[in-house]
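*Asks:* missing the sequence, but the structure's below:
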C-alpha cells in the first residue's frame, strides 16, 4: 500500500511559523495563525494515530503544532503587555508622543 501525505501537514507547518512571526504585530495575527495550526494539527495527529502506516508528514505536523502553541503563548503575552501599557499611559498618550513624554516624566518624578 502506498503511503500518502497527511492532508494538512504543510498548512500546519506554515501556520505555526506565521503564528510566531505574527505575535510581533500586536499579537492578533499570531493568535489567529496559532489557533489554526493547533486545530488542524490536532486533526492530523488523530488521523495519523488511527493508521500510522498509511500517512507520512507527521514531523511537519508536530513541528507546526508546537510552533502554533508557542505562537499563541507569545501572542497572549504581547496582547497583555499592550493592554498593560495602554492602561498605564492611556490611549491618548500612545497616539501623541509629546503627551507620552510628559506622562513618563511625571511617573519618574513621582518615584
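*Replies:* Perfect, thanks for sending it. None of the values given here were measured: they were computed from a predicted structure. Numbering: from 1, shown residues only.
*Asks:* all contacts plus neighbour counts: C-alpha atoms, from now on.
*Replies:* Fine.
*Asks:* Pull the number of nearby residues for residue 47.
*Replies:* Residue 47 has 16 neighbouring residues, counting by other C-alpha atoms under 10 Å.
*Asks:* helices or strands next to the helix or strand of the chain with the lowest mean pLDDT in the packing?
*Replies:* The helix or strand of the chain with the lowest confidence, counting by mean pLDDT, DSSP states H and E, is helix 91-95 at a mean of 90. The criterion is 3 or more C-alpha pairs under 8 Å, 6 or more residues apart in numbering; DSSP states H and E, and the helices and strands that helix 91-95 contacts are helix 97-110.
*Asks:* buried stuff in the helix it packs on?
*Replies:* Within helix 97-110, the residues that count as buried by 16 or more other C-alpha atoms under 10 Å are 100, 103.
*Asks:* Rounded mean pLDDT for that helix, please.
*Replies:* Helix 97-110 carries an average pLDDT of 93.
*Asks:* What helices and strands are in contact with that helix?
*Replies:* helix 91-95.
*Asks:* quick one, strands of the protein?
*Replies:* Per DSSP state E, the chain has strands spanning 4-5, 55-56. These are given in chain order.
*Asks:* looking at the ones you listed, which is buried most?
*Replies:* strand 55-56 (a mean of 17; mean count of other C-alpha atoms under 10 Å).
*Asks:* Determine how far that strand lies from the middle of the whole chain.
*Replies:* Centroid separation for strand 55-56 versus its chain: 26 Å, with C-alpha atoms, centre = their mean, to the nearest Å.
*Asks:* Pairing partners for that strand, with directions?
*Replies:* According to DSSP bridges, strand 55-56 forms sheet pairs with strand 4-5 (parallel).
*Asks:* Name the residues that touch the strand it pairs with?
*Replies:* Strand 4-5 is contacted from outside by 54, 55, 56, 57, using C-alpha atoms under 8 Å, 6 or more residues apart in numbering.
*Asks:* for the record, mean pLDDT for it?
*Replies:* In the prediction, strand 4-5 has an average pLDDT of 94.
*Asks:* Please shift the residue numbers so they start at 47 in all later answers.
*Replies:* Noted, 47 is the first residue going forward, which turns the last one into strand 50-51.
*Asks:* That one: how far from the chain's middle?
*Replies:* 27 Å.
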